[in-house]
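Based on what follows, work out the 3D shape:
(one chain, ligands or ions: 1)
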Amino acid sequence: MSKNLQAIRGMNDIRPNESPVWRYLEAQVSGLLDTYGYSQVRLPIVEFTELFKRSIGEVTDIVEKEMYTFADRNGDLLTLRPEGTAGCVRAMLEHGLTGGGQVQKVWYNGPMFRHERPQKGRYRQFHQMGVEVFNLAGPDIDAELIILTWRLWGKLGLRDAVTLELNTLGTSEARARYRDALVAYLEVRRDQLDEDSQRRLTTNPLRILDSKNADTQALLVDAPKLDAYLDEESKAHFAGLQARLQAAGVPYVINSKLVRGLDYYGKTVFEWVTDKLGAQGTVCAGGRYDGLVEQLGGKTTPAVGFAMGVERLVLLLETLEAVPAELSRSVDVYLAAFGEPAELAALALAERLRDTLPSLRVVVNAGAGSFKSQLKKADKSGAELALILGDDELAQEQVGVKPLRDDSAQQTMSWNDLPSFLANRFGL
Ligand code: HAM
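Below is the predicted model of the structure:
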């Protein structure tokens, strides 16, 4: 195929055989969120570039290097959203949904765009299912978000494969004091830092903690620790969160180097990580961002949330073979008909079955064909049963019922008996 007719690197098609597991995952997540009282919001994919600069942070990797930004025909600078929190906060403000201390618990699902180097689990168009809560300041809601993800891992059979890493970044005052101490310590050792970290020393020093460079990490061993700079409020919040996770039986580890790549966080940050996917092991991540609403022009509004990477969770389900087997079958019965009179009767019969058994998955053969070819198509469709309608069956108002997945014998039954037989057979 000529090059300009290929999909863009890092942007994937979800093929028909792949979509059942996506739909399964999305249904599990949305069903769970319904039971916890969260409502869905649907937000635009494109926003003014300014929104992301002012929320994610000018000197983050996302804003500096990864955004898909373009001028539209009016000359407005627009960006394909690299994440969902900024747009969600914008929507809350625009519609006055968080005014007067109104609590909002919302979730969203959709594509996000970052110009990263594509590899397994890292794409340029990827999908997040995210959750955001506004106007609840306590650790109880941070705990709820984590507890509900823990329940989700249980439903999906992923609990043994994921670990919760937890940290607190403290209040903005605590963080500012810590930042000064860290910079003072590293400034005199500047020449021992890797290039990226040298740059971050003036732009975003806390991100140095996250450096992959071994020499930088060695240098950090004796550096000041954020713990020592936490104020009472941050400590109480973090202790409250941990007490609740313990009460709910959610295991966690504290990772004091966890700082996250977006600037809006304070107090709680967390990541669910797995060692089953190679380098891109974070499947869900989030934290508290009490300052963001105000930063974008609203009143002080505590907020907390997280987002899951759908591609990574799909990969994890597949890697662990945790995809339910029934997802691979999408057809229950395949109706084969021979000759025009039988074809007409088959259509009417299929509609009758759909009336009485609305959840039965029925495929009617299209494109005629010999007995052999229709049975081959029936087999390929994945159906459990082929229903066979020829001139003889038609004359008797009967169908042949041929099991396709086991050796049990073919039988013949009347059209009238068929619905209750199928209801029984498929547990409908
Ligand atoms: P994030 O850590 O940038 O946070 O992304 C959340 C998750 O999205 C990651 O843990 C990962 O699973 C997935 N993800 C990120 N980038 C890629 C990529 N290039 N390819 C595949 N998956 C990816 C946020 O976006 C925050 N908005 C989360 C949040 C919501 N915090 C508070 N509320």
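
and the next element down the chain from the helix or strand hosting residue 314?
Element membership for residue 314, per DSSP states H and E: helix 310-319. Once helix 310-319 ends, the next helix or strand along the chain (criterion: DSSP H and E) is strand 333-337.

Show me what that next one is packed up against.
Contact here means 3 or more Cβ pairs under 8 Å, 6 or more residues apart in numbering; DSSP states H and E; on that basis strand 333-337 packs against helix 340-356, strand 362-364, helix 371-381, strand 385-389. (Each C-beta comes from the backbone N, C-alpha and C, glycine too.)

ok, back up a step: so what touches the helix holding residue 314?
Identification of contacts with helix 310-319 by Cβ atoms under 8 Å, 6 or more residues apart in numbering yields 12, 18, 21-22, 25-26, 109, 120-121, 123, 126-129, 156-158, 161, 274, 276-277, 280, 282-284, 322-323.

tell me which residues of that helix are tucked away?
Across helix 310-319, burial judged by 16 or more other Cβ atoms under 10 Å covers 310-317.

What ranges does the stretch 201-350 of the chain have for its strands?
253-254, 268-273, 282-288, 303-309, 333-337 (DSSP state E, counting those that start in this stretch).

correct me, but residue 261 touches residue 61?
Yes. With contact defined as Cβ atoms under 8 Å, residue 261 counts as touching residue 61 (6.0 Å).

picking that back up, looking at the strands of the stretch 201-350 of the chain, which is closest to residue 67?
strand 303-309 (16.8 Å; Cβ to Cβ).

Could you list the contact residues of this protein toward the ligand?
Neighbours of the ligand within the chain, by Cβ under 6 Å from any ligand atom: 83-85, 114, 116, 121-123, 126, 128, 130, 132, 261-262, 282-287, 305-307, 309, 311-312.

before we move on, the earlier item: need the winner for burial among the strands of the stretch 201-350 of the chain.
strand 333-337 (a mean of 26; mean count of other Cβ atoms under 10 Å).

Taking helix 340-356 as reference, get the angle to that strand.
For strand 333-337 against helix 340-356, the angle by axes from the mean of the first three to the mean of the last three Cα atoms, to 10 degrees is 160 degrees.

relative orientation of strand 333-337 and strand 385-389 in degrees?
Going by the same axes, to 10 degrees, strand 333-337 makes 20 degrees with strand 385-389.

can you pull up the bridge partners for the residue of the chain at minimum distance from the ligand?
Closest contact between the chain and the ligand, by Cβ to the nearest ligand atom, is at residue 309 (2.3 Å). Per DSSP bridges, the residues bridged to residue 309 are residue 128.
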